[in-house]
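Student: from the sequence below, what's the structure:
(2 chains, ligands or ions: 2)
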Amino acid sequence: MEIMRLVVTGPVGAGKSTFIRSVSEIDVVDTDRRATDEASLLKPKTTVAFDFGRLQFSPDMALHLYGTPGQARFDFMWDILIRRAHAYMLLVAAHRPREFHYARRILSFMQRRSRAPLIIGLTHTDQPGTWDEENILIALGFPNPDRHPPIVSVDATEAGSVAVAIMTLLQHYSQVQQRNVEQPAPHR
Amino acid sequence: MAITGHLVEFSLAEIFQFLEQGHKTGLLTIFEQPEPEPPRGREHYIWFNQGRVVAAANRSDHRGLISSLSQRGLLGDRAASRLAQSCGPKVPLGLYLKSQGILDAEQLKLLFYTQVMRQVCALFSVVDGWFHFDSKAVLPCDEMTGLSAPATEVTLAGLRALRNWSTLEDKLPDPMSTIVALVEGQPNLRLNAVEWQVWEFTGGKDSLQTIAQHLQLPIHKVQEIVFRLNVVGLLEEVPMMVLEAETTHQHDEEDELQPTSSLHDSTVSQSFLNNLVSFLKHKV
Ligand SMILES: Nc1nc2c(ncn2[C@@H]2O[C@H](COP(=O)(O)OP(=O)(O)OP(=O)(O)O)[C@@H](O)[C@H]2O)c(=O)[nH]1
Ligand SMILES: [Mg+2]
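Tutor: Numbering: from 1, shown residues only, chains lettered A, B, ... in the order given. Ligands and ions are numbered 1, 2, ... in the order given. Next up is the predicted model:
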């Protein structure tokens, strides 16, 4: 069995659980609980453990998706998952600048722990108060328009849109692999 | 480009960081009012050029600098207005007055300091307010001394003076994290004594908790210092476990070669990717 592991990460309420539910063929293990304090203002339920979803698309091939918990501090569980991930996606709600600071922290954590290719997915782009791509990239620490991870808009509630986002991640993964074969020095 | 938001969502420190890193030019307006709609509260204006602060005012008639000149007895109101008119359209008023021998360099600096540092630092304590950034706004030569300061410098000063940190609470670093420098060598900003002390710990060995103990400071103070040194791009918070793991990394890598964890570092085959993509295409 060949398995590819993708990690979906991002701040509280970015749409990680929804994203994984939209493509998973098995019921996503529901670890959502009533959110405490801070997050409860934002949404009634938050993920307390990892989301897990699976897409078995051939008898011996499966895609595994892991969603990070919303409120937890970085712990060993995060570490194990990110170190095993082949690629990952940072979801950011484009209309919630309050979370950009935390999203940046997640990025820095991930990049220190993993060389896996990453893309950024902007969710909630249909909501009022949405920031545009260029400005979100600056807020996430990518001021140079020529040097940043691939970025896509994704509606986590739409299976089709989620599929497109995953394909973008796969394409990026494939390109990075290619590059690594051509010039073996590990580079993102 | 225009951006609007509430300061609780995106604090002034974050706005400044954003404008600086994005090398933005334009006008940032701060509205001291709970809702974006009227009744209107007090308004404050800060102009940026390429991410640097070039002027600030709390009036929109472009007469802030002139009135500050006359308040200091440097120039009568009328004389200043007359001079302002004879000043070319693209020349900052301050520079023009200097070229006319009316102000010297020191006076100009002091003027800029009062205009920008004093006015803007006070804004960091505005909690219930809105911001609006307009990149189309024209820089007002009448309000400009011709001097400028990096946004980070203003942020540092503003956060040093900040007493009420409640809105930034959820953005403060974790007491169990450690800190690592983001710049090589010495910081390019002028730090105060206690900031230097914290800066000395950027080796990534000690948690903020430990640093606080060493420096005999309340943990909250250390968190505040780390936050402000972070938003000005000097250092970054890193979860303790990350660095611990990094030092044992080599060990891990050997472990990964064990057959039991063969998937660890493996790459996915091209046929896997092709299959998955064609499967996903059907979902679109
Ligand atoms: N309009 C819109 N709503 C979305 C989008 N993505 C997610 N949502 C909604 O946002 C809410 C939060 O989504 P979740 O999937 O629970 O977010 P999460 O990232 O798992 O949140 P935590 O587990 O708390 O971190 C849900 O009500 C989703 O239906 C999107 O792209 N557009
Ligand atoms: Mg969730």
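
Student: next one, pLDDT for residue A:24 please.
Tutor: Looking at residue A:24, its pLDDT reads 88.

Student: repeat for residue B:252
Tutor: 45.

Student: with the one 4 residues further on instead?
Tutor: The score at residue B:256 is 40. That number is its pLDDT.

Student: any regions of the stretch 101-250 of chain B where pLDDT drops low?
Tutor: Along the stretch 101-250 of chain B, segments meeting pLDDT under 70 span B:242-250.

Student: near the residue in it that ligand 1 sits nearest to, how many other residues are there?
Tutor: As assessed by CB to the nearest ligand atom, ligand 1 sits closest to residue B:170 within the stretch 101-250 of chain B, at 14.1 Å. In short, each C-beta sits where N, CA and C put it, glycine included. Counted by other CB atoms under 10 Å in any protein chain shown, the residues lying close to residue B:170 total 13.

Student: again, but for residue A:171
Tutor: Look at residue A:171: counted by other CB under 10 Å, it has 15 neighbours.

Student: just checking, residue B:143 touches residue B:55?
Tutor: Yes. If you go by CB atoms under 8 Å, residue B:143 and residue B:55 touch, sitting 4.3 Å apart.

Student: overlap in contacts, these two.
Tutor: Among the neighbours of residue B:143, those also in contact with residue B:55 (CB atoms under 8 Å, 6 or more residues apart in numbering or on different chains) are B:47, B:65, B:115.

Student: quick one, strands of the stretch 51-200 of chain B?
Tutor: B:52-57, B:130-134, B:149-150, B:177-181 (DSSP state E, counting those that start in this stretch).

Student: could you say what helices and strands the longest one packs with?
Tutor: Meaning strand B:52-57. When contacts are defined as 3 or more CB pairs under 8 Å, 6 or more residues apart in numbering or on different chains; DSSP states H and E, strand B:52-57 sits against strand B:42-49, helix B:64-71, helix B:119-123, strand B:149-150, helix B:151-161.

Student: tilt between that strand and helix B:64-71?
Tutor: Strand B:52-57 and helix B:64-71 are oriented at 60 degrees to each other (axes from the mean of the first three to the mean of the last three CA atoms, to 10 degrees).

Student: cool, and the second one?
Tutor: The directions of strand B:130-134 and helix B:64-71 differ by 110 degrees, with the same axes, to 10 degrees as the criterion.

Student: so which elements touch strand B:130-134?
Tutor: Packing contacts for strand B:130-134, counted by 3+ CB pairs under 8 Å, 6+ apart, involve strand B:2-6, helix B:12-21, strand B:26-32.

Student: just say which of these is most tucked in.
Tutor: Of those, the one with the most neighbours on average (mean count of other CB atoms under 10 Å in any protein chain shown) is helix B:12-21, at a mean of 24.

Student: anything in that helix near chain A?
Tutor: Yes. Residues of helix B:12-21 contacting chain A under CB under 8 Å from any CB of the partner chain: B:14, B:18, B:21.

Student: go on, stretch B:41-48?
Tutor: No. If you take CB under 8 Å from any CB as the test, stretch B:41-48 misses chain A, and the best it gets is 13.3 Å.

Student: who are the contact partners of residue B:53?
Tutor: With CB under 8 Å, 6+ apart, residue B:53 has these contacts: B:46, B:47, B:116, B:120, B:148, B:149, B:150, B:151, B:154.

Student: with residue B:115 instead?
Tutor: B:55, B:56, B:57, B:64, B:65, B:68, B:143, B:145 are the contacts of residue B:115 under CB under 8 Å, 6+ apart.

Student: give me the distance between the two termini of stretch B:98-110.
Tutor: End-to-end distance for stretch B:98-110, by CA to CA, to the nearest Å: 13 Å.

Student: tell me where the longest helix sits in chain A.
Tutor: Ranked by residue count, the top helix of chain A under DSSP state H comes out as helix A:159-182.

Student: list the helices and strands that one packs on?
Tutor: Here helix A:159-182 touches helix A:16-23, strand A:87-93, strand A:118-123, strand A:151-153, helix B:270-281, going by 3+ CB pairs under 8 Å, 6+ apart.

Student: right, and residue B:62 touches residue B:143 too?
Tutor: Yes. If you go by CB under 8 Å, residue B:62 and residue B:143 touch, sitting 5.6 Å apart.

Student: which residue does the stretch 101-250 of chain B have closest to ligand 2?
Tutor: The nearest approach of the stretch 101-250 of chain B to ligand 2 comes at residue B:170, 18.0 Å away (CB to the ion).

Student: can I get the helices and strands packed on strand B:52-57 in CSV including distance to residue B:100 and mean neighbour count?
Tutor: Formatted as CSV, the helices and strands packed on strand B:52-57 follow (distance: least, CB to CB, whole Å; neighbours: other CB atoms under 10 Å in any protein chain shown):
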stretch, distance to residue B:100, mean neighbour count
strand B:42-49, 23, 20
helix B:64-71, 13, 19
helix B:119-123, 25, 19
strand B:149-150, 24, 16
helix B:151-161, 28, 21
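
Student: now the ones you listed as CSV including distance to residue B:106?
Tutor: Formatted as CSV, the helices and strands packed on strand B:52-57 follow (distance: least, CB to CB, whole Å):
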stretch, distance to residue B:106
strand B:42-49, 23
helix B:64-71, 14
helix B:119-123, 20
strand B:149-150, 16
helix B:151-161, 19
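
Student: next up, the contacts around the nearest residue to residue B:67 once chain neighbours are set aside.
Tutor: Nearest residue to residue B:67 in three dimensions, chain neighbours excluded: residue B:77, at 7.3 Å (CB to CB, 6 or more residues apart in numbering or on different chains). Residue B:77 sits next to B:66, B:67, B:70 when contact means CB under 8 Å, 6+ apart.
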